[in-house]
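Chemist: would you be able to build a 3D model of this:
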Amino acid sequence: MNQKNLYIVIIMVAAIAVVIGLWLSGAGQTGPLAGCTDCAVGPQYTTLTLEVWVNNEYVSSGPEREIIFRGTLLAGDSPVSDRTVTISTEGSTVATVTTFAGRFEASYAETGGSHPYVATFAGDSQYLPSESGTVSSPVQPFV
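Modeler: Numbering: from 1, shown residues only. Below you'll find the predicted structure:
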């Protein structure tokens, strides 16, 4: 075998080795070492927080006070936008809001006294459902 043919054989073997290496490593997302290629990425876990504040500047002619709800919806450390969060008390919905940059805010005219509130995100194809802990409105006398 002459030197020219030897170089051609070496180049062909190297090229075949590179192609096999790329296939095994998963380049193009196929091959046995590429991981799960037929598995869909599942929805991400979410966390939902809720804070309840009394708006002391609200003036009412009746027996009510304005409650401000604030919270966040996160997937890991990333904010989740454009998702619906429902705020309820004792089984009744008091507000439905949409997140913006992972945050939300709503208000509600509370009557009677302190009530327990919870925020709920129903989940969707990208994110799993989550629920905040129960937070009671601050106990303050009605003015």
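Chemist: work out for me the element T93 sits within.
Modeler: T93 belongs to strand 92-98 when elements are defined using DSSP states H and E.
Chemist: what of Y7?
Modeler: Secondary structure (DSSP H and E) places Y7 in helix 3-25.
Chemist: next structured bit after that helix?
Modeler: Proceeding N to C from helix 3-25, the next assigned helix or strand is strand 47-54, under DSSP H and E.
Chemist: now that following strand: mean pLDDT?
Modeler: This predicted structure assigns strand 47-54 an average pLDDT of 92.
Chemist: residues of that strand that come out buried?
Modeler: By neighbour count on 16 or more other CB atoms under 10 Å, the buried set for strand 47-54 is L48, T49, L50, V52, V54. Backbone N, C-alpha and C define where each C-beta goes, glycine included.
Chemist: surely the first one touches G133?
Modeler: No: no contact is recorded between L48 and G133 when judged using CB atoms under 8 Å, the distance being 9.0 Å.
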